[in-house]
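Novice: with the sequence up front, the predicted model follows.
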Amino acid sequence: MKNINKAEKICITIPPDMLLNIKEKVKSGAYSSTSEVIREAMRLWQKQQEEHDARIALIRKRLENSANSGTAIPIDQAFEKIKKLHQNHLNNFSDESL
């Protein structure tokens, strides 16, 4: 079984402009090493991926709930029902304010 706490040295290739940005951050003292910059970038990427996965799971769940929510009705009927509900709400609201 691999020890996941053990760091492993790898070699990566990045464009010159990215390397310049990394070196500038290290030189400014914002990071102590280029490795620290890359680790921070990976943490942010992992967080972004986790958030993306959570959003996709939520969308899938909502689609599943929608698909299982009952018999579909034509859009015209749905809007007509919404209009009636809204009008009833307005009528009740104006009756209460008298």
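Specialist: Looks like it arrived, so ask away.
Novice: name the residues that touch stretch 21-32?
Specialist: In this structure, residues lying in contact with stretch 21-32 by Cβ atoms under 8 Å, 6 or more residues apart in numbering are Ile14, Ser33, Thr34, Glu36, Val37, Ile38, Glu40. Where you see a C-beta, it was placed from the backbone N, CA and C, and this is true even at glycine.
Novice: now with 7 Å?
Specialist: Ser33, Thr34, Val37 (Cβ atoms under 7 Å, 6 or more residues apart in numbering).
Novice: how close does the second one sit to Leu90?
Specialist: According to Cβ to Cβ, to the nearest Å, Thr34 stands 64 Å off from Leu90.
Novice: ok, these two, which is more surrounded?
Specialist: Thr34 (14 against 10; other Cβ atoms under 10 Å).
Novice: leaving out sequence neighbours, find the closest residue to the more buried one.
Specialist: Ile22 (5.3 Å; Cβ to Cβ, 6 or more residues apart in numbering).
Novice: and Lys47, how far from Asn91?
Specialist: Here the criterion is Cβ to Cβ. By it, Lys47 lies 50 Å from Asn91.
Novice: hey, where'd the helices end up in this structure?
Specialist: 16-28, 34-67, 75-96 (DSSP state H).
Novice: out of those, which is closest to Glu8?
Specialist: helix 34-67 (11.5 Å; Cβ to Cβ).
Novice: that closest one packs against which elements?
Specialist: helix 16-28 (3 or more Cβ pairs under 7 Å, 6 or more residues apart in numbering; DSSP states H and E).
Novice: next, the angle helix 34-67 makes with the helix it packs on.
Specialist: Relative orientation of helix 16-28 with respect to helix 34-67: 120 degrees, computed using axes from the mean of the first three to the mean of the last three Cα atoms, to 10 degrees.
Novice: how much distance is there from stretch 53-64 to the middle of the chain?
Specialist: Computed by Cα atoms, centre = their mean, to the nearest Å, the chain-centroid distance of stretch 53-64 equals 11 Å.
Novice: only C-alpha atoms, please: export that stretch in CSV.
Specialist: Extracted in CSV, the C-alpha atoms of stretch 53-64 (Å, rounded to 0.1, in the frame of the first residue of the first chain):
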residue,chain,number,x,y,z
ASP,A,53,-18.7,17.8,-8.8
ALA,A,54,-21.1,18.9,-6.1
ARG,A,55,-22.9,21.3,-8.5
ILE,A,56,-23.2,18.5,-11.1
ALA,A,57,-24.6,16.1,-8.4
LEU,A,58,-27.1,18.7,-7.4
ILE,A,59,-28.2,19.3,-11.0
ARG,A,60,-28.6,15.6,-11.5
LYS,A,61,-30.6,15.2,-8.3
ARG,A,62,-32.9,18.1,-9.4
LEU,A,63,-33.4,16.6,-12.8
GLU,A,64,-34.2,13.2,-11.3
